[in-house]
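J.: Build me a structure from this.
(chains A, B, C and D)
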Number of protein chains: 4
Amino acid sequence: MKKLKIAIIGCGQIARTQHVPGYVNSGLAEIKYVVDAETERAASLAADFDIPHATSDLAAVLADPEIDAVSVCTPNASHAPVSIAALNAGKHVLCEKPAAMSYTEAMGMKEAADRNNRMLNIGVVNRFNTAVNKIKALIEEGELGNLYHVYCSFRSHRSIPGLGGPFTTKAHSGGGVLIDWGVHFLDLIFYALGENAKAMAVSGAAYGELGRRMKDYVYTSMWAGPPILDGIFDVEDFVTGLIRTSGPTISMNGAWAQNIGERAMFVEFLGSKGGIKLQYGGDFTLYTSKNGMLYETAATFEKENMFEAEIKSFLESIASGKKNRANIDHTLVTTQVMDAIYESAAQGKEVVL
Amino acid sequence: MKKLKIAIIGCGQIARTQHVPGYVNSGLAEIKYVVDAETERAASLAADFDIPHATSDLAAVLADPEIDAVSVCTPNASHAPVSIAALNAGKHVLCEKPAAMSYTEAMGMKEAADRNNRMLNIGVVNRFNTAVNKIKALIEEGELGNLYHVYCSFRSHRSIPGLGGPFTTKAHSGGGVLIDWGVHFLDLIFYALGENAKAMAVSGAAYGELGRRMKDYVYTSMWAGPPILDGIFDVEDFVTGLIRTSGPTISMNGAWAQNIGERAMFVEFLGSKGGIKLQYGGDFTLYTSKNGMLYETAATFEKENMFEAEIKSFLESIASGKKNRANIDHTLVTTQVMDAIYESAAQGKEVVL
Amino acid sequence: MKKLKIAIIGCGQIARTQHVPGYVNSGLAEIKYVVDAETERAASLAADFDIPHATSDLAAVLADPEIDAVSVCTPNASHAPVSIAALNAGKHVLCEKPAAMSYTEAMGMKEAADRNNRMLNIGVVNRFNTAVNKIKALIEEGELGNLYHVYCSFRSHRSIPGLGGPFTTKAHSGGGVLIDWGVHFLDLIFYALGENAKAMAVSGAAYGELGRRMKDYVYTSMWAGPPILDGIFDVEDFVTGLIRTSGPTISMNGAWAQNIGERAMFVEFLGSKGGIKLQYGGDFTLYTSKNGMLYETAATFEKENMFEAEIKSFLESIASGKKNRANIDHTLVTTQVMDAIYESAAQGKEVVL
Amino acid sequence: MKKLKIAIIGCGQIARTQHVPGYVNSGLAEIKYVVDAETERAASLAADFDIPHATSDLAAVLADPEIDAVSVCTPNASHAPVSIAALNAGKHVLCEKPAAMSYTEAMGMKEAADRNNRMLNIGVVNRFNTAVNKIKALIEEGELGNLYHVYCSFRSHRSIPGLGGPFTTKAHSGGGVLIDWGVHFLDLIFYALGENAKAMAVSGAAYGELGRRMKDYVYTSMWAGPPILDGIFDVEDFVTGLIRTSGPTISMNGAWAQNIGERAMFVEFLGSKGGIKLQYGGDFTLYTSKNGMLYETAATFEKENMFEAEIKSFLESIASGKKNRANIDHTLVTTQVMDAIYESAAQGKEVVL
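T.: Numbering: from 1, shown residues only, chains lettered A, B, ... in the order given. Take a look at the predicted model:
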């Protein structure tokens, strides 16, 4: 197979630590361009990985007919415009999560992909997480019986990223802990549940109580910091919600920051025959019963690098023309549900989809 | 003060272990009757506590003008009719929780109390729990800042009581884990939040997946057992919900039984300045910050016997004519919210109050 | 079924806490006599359980034709003579563990049972332990694949019973930690392995290093104490061994006392497909693998009272005439192996059976 | 002192990470040659450490009169022939553990050393482990009193190295977990016990149940992997044994892999006055008693690099002509005992030495 030619758009941490190594290690692609509005950042990344071109001229890159596909690693606000421009230029796109700032934007991206007959994948990388796939298989094998409820908790004591910066400024990010962390939890849940769980109604509430009081925000470390105390915080640092689907209901609580000093990052799948508790990013425990005994089973297994698997699958999907599990068609539900949670929170009532 | 004369109606565990000793130890009352449809049960209780009369004739007891007040300790289904009969007979009433099987029934009880100008208290005993009252005081003093969300979890691995019996038969109990356990959690939350948190809308879902499969239900012990395998299970063993109030939102998950092997019985109060995690029936931890430090404070204190405090307060409230914290007027909200959760679960949509 | 008439011979702790309640609760028997050389001890037991006769005259009891069966709860040294006398008098016998002080003695008991056509059961009560039976079932279902090795550890930091008294005097006990604790471990192993594991050769060593230095023996509590510092300690407080069978090998270490401060009381069953670790007297963990995952499963279940089950089964076996799992025929192997370990330790070489 | 000239034979991990740095850091030697059948591997090692010559011509190296000593870092199967050739060429030899594949081979090595009057040391590196030497000193000072038993456990859940490759092919390795891991445990025990503990008889059993079922072998990582599923596994992955010496007995269980999910790598020394539990490769705990108190003492100390100490001691021993603790004369016992365990396992009976 001839190697696909790639451009990386946006040269921040996710590009450097995951996308670039992912393409390099895949053996199926070569990166021709790294693109960033800050030319220096692009140049540094190019130098470290022997990539031929570093540029800030996105239009020129998209005009290069040699380029087969791009990774969109820019801030959330430009996911939609950059992806649509790339699709319109005939490129396949792997766009980092969240797909977009709103469901409307994401729908626009999907239409561009359909119109141009190109792959549009979203970086919902937990669909390539080994534990998640083991759980999906157990659910499909009926190990849990009737799966009636899922609870997910993505709560941390102090983890607001870059307080006052793009992460906490709605115009750049589209939202706070829900769009940043919740996207992973909701997406892996809908993936594990499969096509039988259609989202039907959403009730939610969202608060930005800790981040808003910037000067009083005590923390011990800050990712994407330091804080910009005269910056903006207009997103939520806490979210709660109840989602009705055609299958199980889903309840959730999420916090970038909260005055409860326990980190609780997990998903619980409750079934009539069995249940599973997944520690996010780690292992899971399976609860069943047999011969009058209650079984609590800790499962251990070799874990794939999920970013490498995501990128390899994207490249193979381009080659085969078959949409894979991370295609916009399969992942749009997550954006739709998040959008509805924000709307429900704003209106103070349930939103029917 | 002359001792009040009391009748205990219903002679099960809660009467024997809490109400009878509560009146006896109060020093403010004497029990004249114990009443039970099973005369033997009444007789045994009377013998053990030197109570003069054991009878199954409720009408005669209510007709005795010497009786000032009654405790209603019967199964849920007769809370309303017995309490109303007693109120109509001019007695003050302390009725065990839940107030009734539905909000309509509870409203009928309140009207009877108003009409007859008698005290009607509900056995929401956590309003007399020392930890709960300490928390209520901290909230009122502003220690938590803006209190924006409460999460409560009343979840057990295997605790369905008396599978197939009255607890799991809706006609006798009115419901499952929500009405049996959730009542305590919701009531203490509304009590701690105070009058500023008016319930406004409720979204919920309820399932009876484990209890319904009676023969497959594996457990290691059963309260109110043994199971009656040809009995009825038509209530929920799992409930989830989101409650909007004029103050904080409340999210909750509850399980008499579930295939997650962790007991999680707690309430978390999330505020902008501080937070509290209460281990149900136990101590609490307070999370705050100060001078750039994150504080985690374990609170220890002497605990009152909450049943004794409940009964003493009931007796004092009769004497003083002042409605106390457990009066139906203050606790009706809990029944209203539970009723709405059941309705929301049945209709599959949010219920506005 | 007519109730069987029972005599209890030996009125120490095991008689009072297990055998007497076991017969009483069985509903299948009534105790006519309690017998003890110390008449007072017999009288006190009789009084507490409303037993008609307390006596020290064993011969008279055995001569009473009404007596169907006896429990032998005397010290180890009289297990054989008392059991044989009872069998010769036509009584069925349930003799506490260990069967006897030596394999020769135990063979004599078996011959007496055979000759008189009476049941002779040994109090190897773990054969009625729920966990042990669950494990036996899992082994028989092939859950472990080829079971090739068993390791058992019965080691405590400081637990010599009654230092200087009958427990530590070989003439009374027949041995130390092996005959007192090891009997339970070895017997449950041979029971779980079933008839396919015939004992073939034994290599062992035994030491009495801590108990022998009586005055230097530091401890924090002593069962069957206090120590008799001018008493006798001529048994082992540590034993090690390797047992070859026609099935798996068995290795073991046991200590009533040792200068390692960890309690380690467990049995590990190692199979090609799965393994089990049983915490003695408690639960077990099952180790398997599935779909590329390593599974660690904690099993929980309702536990029967094993002494009551043992006694009920003994009584039913008398009634049916069918030898049960605790019959001398099935349990003799344990005595044989212990005897061989002592012999191997004494000779300093392997003993072939 | 003039620097000794060294050749390193075999350029795998142990050569690269331990022997080469060990000689370099000693200040007492310089490496002239690195030798490997794969010239590239030798060349790479030479380049990384500035070693003048990389070659596959062992005969030429041994013929170089400038070479004083060699490190033998080849696979187990060539330990004996390479060491003997080097000794016959007049070189001192430090041969990695195990000394050889059998006791006969090791005896042949010793004879070659004696005949040529050259040092032959074995890489039993735990003789230079700080914790082991502290323990040896405590034993010699009588801190444990009469040391009567040693138990060693070298058990892992899943650690078969290079399944199907040289490690698991008897013709290359001589055996499995015993010769690979057990050698360290047994050797450090015999070293700590000193000359008074002569090995006298051995009883053992060995199984290769997990490794033999290659396709069913689930693991999470594999050292020296990946597995070669059409390769050979004809060694043991589990071993058990009981060793009689003129001093304490030694019992052991070892597993490269087993269906018990606990890693247990330790040695316990049981004495009449005290005991020691050494966590292999780590610290130890000392258990004693004093003035009626039980003492549990965690010992902490600065740890030497044991490989550097081993190599420095080898070089000094060449210089002084005095055999050190790792000399074949002192370490032969370990090979003899391992050989006997394999023989006992094969014959199914005790082997007297």
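J.: any chance you could map the helices in the stretch 151-300 of chain A?
T.: Ranges of helices within the stretch 151-300 of chain A are A:170-173, A:177, A:183-193, A:209-212, based on DSSP state H, counting those that start in this stretch.
J.: Is the last one in proximity to chain B?
T.: Put plainly, it is helix A:209-212. Yes: remark: helix A:209-212 sits within contact range of chain B at A:209-210, by C-beta under 8 Å from any C-beta of the partner chain. The way it works is simple: take the backbone N, C-alpha and C, and place the C-beta from them, glycine included.
J.: how about the nearest residue to residue A:174, chain neighbours excluded?
T.: Spatial nearest neighbour of residue A:174, chain neighbours left out: residue A:101 (3.1 Å); criterion: C-beta to C-beta, 6 or more residues apart in numbering or on different chains.
J.: Report the separation between that neighbour and chain C.
T.: Using C-beta to the nearest C-beta, to the nearest Å, residue A:101 is found at 38 Å from chain C.
J.: thinking that residue is in contact with residue A:169, fair?
T.: No: between residue A:101 and residue A:169 there is no contact under C-beta atoms under 8 Å: 11.6 Å.
J.: okay, these two: which has more neighbours?
T.: residue A:101 (25 against 20; other C-beta atoms under 10 Å in any protein chain shown).
J.: secondary structure element for the more buried one?
T.: For residue A:101, there is no host helix or strand (DSSP states H and E).
J.: Spatially nearest residue to the residue of the stretch 151-300 of chain A found nearest chain D, not counting backbone neighbours?
T.: The nearest approach of the stretch 151-300 of chain A to chain D comes at residue A:300, 5.7 Å away (C-beta to the nearest C-beta). Once flanking residues are discounted, residue A:300 sits nearest to residue C:294: 4.2 Å by C-beta to C-beta, 6+ apart.
J.: What distance do you get for residue A:31 to residue A:56?
T.: Remark: distance between residue A:31 and residue A:56 (C-beta to C-beta, to the nearest Å) = 16 Å.
J.: Can you pick out the residue with more neighbours from the two?
T.: Taking other C-beta under 10 Å, residue A:31 and residue A:56 do not tie; residue A:31 has more neighbours (23 against 16).
J.: count of residues packed around residue A:293?
T.: Using other C-beta under 10 Å, residue A:293 has 22 other residues around it.
J.: Now do the same contact list for it.
T.: Counting by C-beta atoms under 8 Å, 6 or more residues apart in numbering or on different chains, residue A:293 touches B:218, C:134, C:299-301.
J.: distance of it from residue B:225?
T.: From residue A:293 over to residue B:225 the distance is 18 Å, taken as C-beta to C-beta.
J.: related to what we said a few turns ago, deepest of the helices of the stretch 151-300 of chain A, which one?
T.: Ranked by mean neighbour count, the helices of the stretch 151-300 of chain A are led by helix A:177 with a mean of 28 (mean count of other C-beta atoms under 10 Å in any protein chain shown).
J.: ok, residues contacting it?
T.: By C-beta under 8 Å, 6+ apart, helix A:177 touches A:154, A:235-239, A:254-256.
J.: Which pair of those spans the longest distance?
T.: Greatest spacing in the contacts of helix A:177, by C-beta to C-beta: A:154 and A:235 (14.8 Å).
J.: Shouldn't residue A:86 be within a helix?
T.: Yes: judged by DSSP: H, G, I helix; E, B strand; the rest coil, residue A:86 forms part of a helix.
J.: Now do it against residue A:33, distance only.
T.: The gap separating residue A:86 from residue A:33 is 12 Å, by C-beta to C-beta.
J.: Next: residue A:64.
T.: 8 Å.
J.: For those two, work out which one has more neighbours and name it.
T.: Higher neighbour count among residue A:64 and residue A:33: residue A:33, with 25 against 14, using other C-beta under 10 Å.
J.: How about the residue in chain A positioned nearest to chain D: what's its closest non-neighbour residue?
T.: For chain A and chain D, the shortest gap (C-beta to the nearest C-beta) falls at residue A:302, measuring 5.0 Å. Spatial nearest neighbour of residue A:302, excluding adjacent residues (C-beta to C-beta, 6+ apart): residue D:220 at 5.0 Å.
J.: Was I right to think the one you found contacts residue A:130?
T.: No: at 10.6 Å, residue D:220 does not count as touching residue A:130 under the criterion of C-beta under 8 Å.
J.: and those two? which has more neighbours close in?
T.: Legend: neighbour count by other C-beta under 10 Å for residue D:220 and residue A:130, higher for residue A:130 (17 against 13).
J.: Do I have it right that the more buried one meets residue A:301?
T.: Yes: using C-beta under 8 Å, residue A:130 is in contact with residue A:301, at 6.2 Å.
J.: Flag every residue of the stretch 101-250 of chain A that's near chain B.
T.: A:144-146, A:148-149, A:151, A:157-158, A:201, A:203-205, A:207, A:209-210, A:213, A:216, A:218-220, A:238, A:240-242, A:244, A:249.
J.: who touches both of residue D:220 and residue A:130?
T.: Jointly contacting residue D:220 and residue A:130 under the rule C-beta under 8 Å, 6+ apart are A:301-302.
J.: buried ones in the host helix or strand of residue A:20?
T.: Under the criterion of DSSP H and E, residue A:20 resides in helix A:20-26. By neighbour count on 16 or more other C-beta atoms under 10 Å in any protein chain shown, the buried set for helix A:20-26 is A:20-24, A:26.
J.: so which of the residues you listed comes closest to chain B?
T.: residue A:22 (34.5 Å).
J.: quick one: secondary structure of the nearest residue to that closest one once chain neighbours are set aside?
T.: The shortest distance from residue A:22 to any non-neighbouring residue, by C-beta to C-beta, 6+ apart, is to residue A:311 (3.6 Å). Secondary structure assignment for residue A:311 (three-state DSSP): helix.
J.: how about residue A:311, what does it touch?
T.: By C-beta under 8 Å, 6+ apart, the contact set of residue A:311 is A:19, A:22-23, A:26, A:29, A:71, A:94.
J.: Please repeat the previous calculation with a cut-off of 7 Å.
T.: Listed by C-beta atoms under 7 Å, 6 or more residues apart in numbering or on different chains, the contact set of residue A:311 reads A:19, A:22-23, A:26.
J.: And residue A:238, how close does it get to residue B:20?
T.: Residue A:238 sits 46 Å away from residue B:20, going by C-beta to C-beta.
J.: circling back to that earlier point, would you turn the contacts of helix A:177 into TSV with distance to residue D:230, neighbour count and pLDDT?
T.: Converted to TSV, these look like this (distance: C-beta to C-beta, whole Å; neighbours: other C-beta atoms under 10 Å in any protein chain shown; pLDDT from 0 to 100):
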residue	distance to residue D:230	neighbour count	pLDDT
A:154	46	26	98
A:235	57	27	98
A:236	56	30	98
A:237	56	25	98
A:238	56	25	98
A:239	53	30	98
A:254	50	28	98
A:255	52	30	98
A:256	52	28	98
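J.: How about residue A:147, nearest residue that isn't a chain neighbour?
T.: Leaving aside its chain neighbours, residue A:147 sits nearest to residue A:271 (4.4 Å; criterion: C-beta to C-beta, 6+ apart).
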